[in-house]
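1. coordinates for the following, if possible.
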Amino acid sequence: MSVQPLIQATYFVVAAVFILGLKAMSSPVTARRGVVWAGYAMIAATLVTFAWPGMQNFGLMILAIAIGFVLAWFSGKKVAMTDMPQMVAIYNGMGGGAAAAIAALEFARGEVHGGVVTTLAVCGALIGSVAFSGSCVAFAKLQGIMKKAWRLPAQNAANVLLAIAALALGFLIISADTPAPEYVLGFFALALALGVVLTVPIGGADMPVVISLLNAFTGLAVGMEGYVLGNPALIVAGIVVGASGTLLTQLMAKAMNRPISNVIFTPISGEATGGDAVEGSMREVSGLDAAAMMRYAAKVIIVPGYGMAVAGAQHKVWEMAELLEEAGVEVVFAIHPVAGRMPGHMNVLLAEAGVPYDKIFDLEEINGDFAQTDVALVIGANDVVNPSARTDKSSPIYGMPILNADHAQNVIVVKRGKGTGYSGIENALFYKENTRMLYGSAQQAVAEIITHVKVLSA
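-> Okay, the predicted model is just below:
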């Protein structure tokens, strides 16, 4: 009896569970359940593939799965929440690299000959290679291995020339009955170089969008290579990841008011950039005064940013919020779509600290409340609360929707120093009359506030 119908039926169920899992991930309440569902579905798809007719090299397959499982398990257990963005970036890159490797193997074996299959193999290889090398660069930037953005003198021309050269070699591969090895090697070299050259100029401000875009690339590459292999599970999984990644990229680009073309061709590098000179001076506040302002407030909105993540202060922040609530203060959290270094970074950190979902609001839900708020506490955020985005047409972030923290009666900014943020843009909020700066790491500053709140509430 043929096992092919059973395999195809399993793939169909797996595809349905993937989609249901993705749907569950749309809400923080059900996100973990969706991840678990999708994980079990992937295990089922992997196991049933062993029954594919004509399948060989079981030893190598099991060895590869064992190595990948051990590495993923221990890295997943060990990684700090602050390092989650770079882990997401490198894992995403592995998916694109795997898709490119599938195409390379098919070319080497001579299994694809012209037509739609070869075209999709070449497209998948190109997109997968770009996703792999680009994700490796994103990992290096987020990990601090690559300290600064690098921009070639003719950056956009280099991007276009590399893309044209890679497409030209891809066309030669499609046209040939048996592509010459030098064509294949040159094609992959150019594709990998394109991913690097596209990503190295991009700074931290655009990094969440870039990670999401590379994730979409990986999904498209996997879907195309699934067609080449005739594997429905890969096709569906790739299409789902590609479509959701593309939608997320569009939403995040809209949240920054920056077209995706601008992110790629005119990125915010992270170095000091243009914009009107900010007048005034920063005014410092003590931990005691900051604690008193919030302890006797009616409402406090906390705006977390990457500084909170770096300090690992999310648990202390929630402890502070609970103390304020016990004293009768209303406390909520405001999250910008691109806060942190990856999509949903702040939501993950707050969820880890145990912050209830009903206290976390996104930009559209919370922005109107700042004007009726006594204190806005900004912890390590920068561009997402910079009022220059509304007023300074020469600023690189002009037009970007921001959290209206400056509309609060009082603003307290927890910041390690007086320098600019990751994007290199001076923040006009820090110089406002209603803003006070509390210098120090988020962990240290919030711990000091907690101590004083306890004394004031005694």
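2. next one: the lowest-mean-pLDDT helix or strand in the chain to chain centre, how far?
-> Least confident helix or strand of the chain, by mean pLDDT, DSSP states H and E, is helix 260-265 with a mean of 74. Chain-centre distance of helix 260-265: 16 Å, with C-alpha atoms, centre = their mean, to the nearest Å.
3. okay, it in PDB with CA atoms only?
-> C-alpha atoms of helix 260-265 as PDB (Å, rounded to 0.1, in the frame of the first residue of the first chain):
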ATOM      1  CA  ILE A 260      10.600  50.200   2.600                       C
ATOM      2  CA  SER A 261      12.500  51.700  -0.300                       C
ATOM      3  CA  ASN A 262      13.800  54.400   2.000                       C
ATOM      4  CA  VAL A 263      14.900  51.800   4.600                       C
ATOM      5  CA  ILE A 264      16.900  50.000   1.900                       C
ATOM      6  CA  PHE A 265      18.300  52.900  -0.200                       C
END
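4. which residues sit against it?
-> Residues outside helix 260-265 that contact it (C-beta atoms under 8 Å, 6 or more residues apart in numbering) are 155-156, 159, 198, 202, 206, 209-210, 213, 249-250, 253. Backbone N, C-alpha and C define where each C-beta goes, glycine included.
5. how about 10 Å then?
-> Residues outside helix 260-265 that contact it (C-beta atoms under 10 Å, 6 or more residues apart in numbering): 155-156, 159-160, 198-199, 201-202, 205-207, 209-210, 212-213, 246, 249-250, 252-254, 256, 259, 268, 396.
6. just the buried residues of those.
-> 155, 159, 198-199, 201-202, 205-207, 209-210, 212-213, 246, 249-250, 252-253, 256, 268, 396 (16 or more other C-beta atoms under 10 Å).
7. okay, and which of those residues map to strands?
-> Among the buried ones among the contacts of helix 260-265, DSSP state E puts none in strands.
8. thinking again about what came up before, which positions within the least confident helix or strand of the chain qualify as buried?
-> 260, 262-264.
9. now, which of those residues sits nearest Ala191?
-> In terms of C-beta to C-beta, no member of the buried residues of helix 260-265 lies closer to Ala191 than Ile264, at 15.9 Å.
10. residues in contact with the one helix or strand Leu63 maps to?
-> Assessed by DSSP states H and E, Leu63 sits inside helix 58-78. The contact list for helix 58-78, computed with C-beta under 10 Å, 6+ apart, reads 46-47, 49-50, 55, 57, 83-84, 87, 90-91, 94, 98.
11. which of these sits closest to Ile335?
-> Among these, Met84 lies closest to Ile335 (C-beta to C-beta), at 15.6 Å.
12. so which helix or strand takes in the closest one?
-> helix 84-109.
13. what's the following helix or strand after that helix?
-> Next element after helix 84-109 (DSSP H and E): helix 115-143.
14. just confirm Thr249 contacts Leu220, I think it does.
-> No - judged on C-beta atoms under 10 Å, Thr249 makes no contact with Leu220 at a distance of 11.9 Å.
15. tell me the buried residues in stretch 40-55?
-> Counting neighbours by 16+ other C-beta under 10 Å, stretch 40-55 gives 41-42, 44-45, 48-49 as buried.
16. can you name the residues in contact with it?
-> Against stretch 40-55 from outside (C-beta under 10 Å, 6+ apart): 2-4, 6-11, 13-21, 58, 61-62, 65, 229-234, 236-237.
17. what separates it from the chain centre, distance-wise?
-> For stretch 40-55, the distance to the chain centre is 30 Å (C-alpha atoms, centre = their mean).
18. same question, stretch 167-178
-> 34 Å.
19. using PDB, write out every CA atom in it.
-> Output in PDB follows, covering the C-alpha atoms of stretch 167-178 (Å, rounded to 0.1, in the frame of the first residue of the first chain):
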ATOM      1  CA  LEU A 167      20.100  38.200 -12.100                       C
ATOM      2  CA  ALA A 168      22.200  37.900 -15.300                       C
ATOM      3  CA  LEU A 169      23.900  34.800 -14.000                       C
ATOM      4  CA  GLY A 170      20.600  33.400 -12.800                       C
ATOM      5  CA  PHE A 171      19.200  33.900 -16.300                       C
ATOM      6  CA  LEU A 172      22.200  32.000 -17.700                       C
ATOM      7  CA  ILE A 173      21.500  29.200 -15.300                       C
ATOM      8  CA  ILE A 174      17.900  29.000 -16.300                       C
ATOM      9  CA  SER A 175      18.700  29.100 -20.000                       C
ATOM     10  CA  ALA A 176      21.300  26.300 -19.900                       C
ATOM     11  CA  ASP A 177      20.400  22.600 -19.900                       C
ATOM     12  CA  THR A 178      23.300  22.000 -17.500                       C
END
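20. list the contacts of that stretch.
-> By C-beta under 10 Å, 6+ apart, the list of residues contacting stretch 167-178 from outside reads 103, 107, 110, 112-123, 125-126, 179-180, 182-191.
21. show the buried residues in these.
-> 103, 107, 112, 117-123, 125-126, 179, 183-184, 186-188, 190-191.
22. how's the chain carved up into domains?
-> 79-265, 287-457 (automatic domain parsing).
23. now tabulate the ones you listed in a markdown table and tack on distance to Gly34.
-> Below are the domains of the chain laid out as a markdown table (distance: least, C-beta to C-beta, whole Å):
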| stretch | distance to Gly34 |
| --- | --- |
| domain 79-265 | 12 |
| domain 287-457 | 13 |
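24. any low-confidence regions in the stretch 251-400 of the chain?
-> Scanning the stretch 251-400 of the chain for pLDDT under 70 picks out 266-279.
25. please enumerate the strands of it.
-> Remark: strands assigned in the stretch 251-400 of the chain by DSSP state E, counting those that start in this stretch are 299-304, 330-335, 360-362, 375-379.
26. looking at those, which is buried most?
-> Across the strands of the stretch 251-400 of the chain, the average number of neighbours (mean count of other C-beta atoms under 10 Å) peaks for strand 375-379, which reaches a mean of 29.
27. that strand - contacts with which helices or strands?
-> When contacts are defined as 3 or more C-beta pairs under 10 Å, 6 or more residues apart in numbering; DSSP states H and E, strand 375-379 packs onto helix 287-295, strand 299-304, helix 306-311, helix 314-326, strand 330-335, strand 410-415, strand 435-439, helix 442-457.
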